[in-house]
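Undergrad: Sequence and predicted structure, then a few things I'm wondering about:
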Amino acid sequence: MTALGKNKNHQCRAIFDTGAQRSFKTEKTASELQPDVIGEKYLNISIFGQPTENEKRKYKMVSLQLLAKNESINISALVPETVCAPIKYNTSKPLELPRNLQLADLTVKKPAPLDVDILIGNDYYQS
């Protein structure tokens, strides 16, 4: 997926997470793209929905244009340092996939942690 920036575009790894209530993009990606800041939001962060361990954090909200297969989508995203831990590539057993299945991430050539740049949450996933 390509994120369109003011001065340059950035090839990004994005994941869709129906369990996330918001969409996010990393500080690193935001600094490269220099998107318009459209506000700030406070979020109550809790682990597994535990209300007693809430932590309130403030994040910038930016507008972002994504391009995939010649279709563009505009989203608003909060900007934390990271959106999730790197995805680990499992080489212990080869995947047996149907021949006609097209994978989205064709850039994986060797086992290495895969950084996620953008997490698209339920605020856009079903719209």
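TA: Nice, thanks for sending it over.
Undergrad: where do the helices sit along the protein?
TA: 27-33, 122-125 (DSSP state H).
Undergrad: Which residue, other than its chain neighbours, is closest to K28?
TA: Computed as CB to CB, 6 or more residues apart in numbering, the closest residue to K28 that is not its neighbour in sequence is D117, at 7.5 Å. For glycine as for every other residue, the C-beta is placed from the backbone atoms N, C-alpha and C.
Undergrad: what's near enough to touch the one you found?
TA: A3, H10, C12, R13, A14, K25, T26, K28, T29, V83 (CB atoms under 8 Å, 6 or more residues apart in numbering).
Undergrad: Could you check how far the residue nearest to H10 when sequence neighbours are not counted is from S46?
TA: Closest residue in space to H10, ignoring its immediate chain neighbours: A3 at 4.8 Å, by CB to CB, 6+ apart. Taking CB to CB, to the nearest Å as the measure, A3 falls 29 Å from S46.
Undergrad: So the two - more neighbours on which side?
TA: Of the pair A3 and S46, A3 is the one with more neighbours under other CB atoms under 10 Å, namely 24 against 12.
Undergrad: my guess is L64 meets N74, correct?
TA: Yes: applying CB atoms under 8 Å as the test, L64 and N74 come out as touching, 7.2 Å apart.
Undergrad: How far off centre is stretch 10-21?
TA: The chain centre lies 3 Å from the centre of stretch 10-21; the measure is CA atoms, centre = their mean, to the nearest Å.
Undergrad: and that stretch, which residues are buried?
TA: For stretch 10-21, burial by neighbour count (16 or more other CB atoms under 10 Å) applies to H10, C12, R13, A14, I15, D17, A20.
Undergrad: All set now, cheers.
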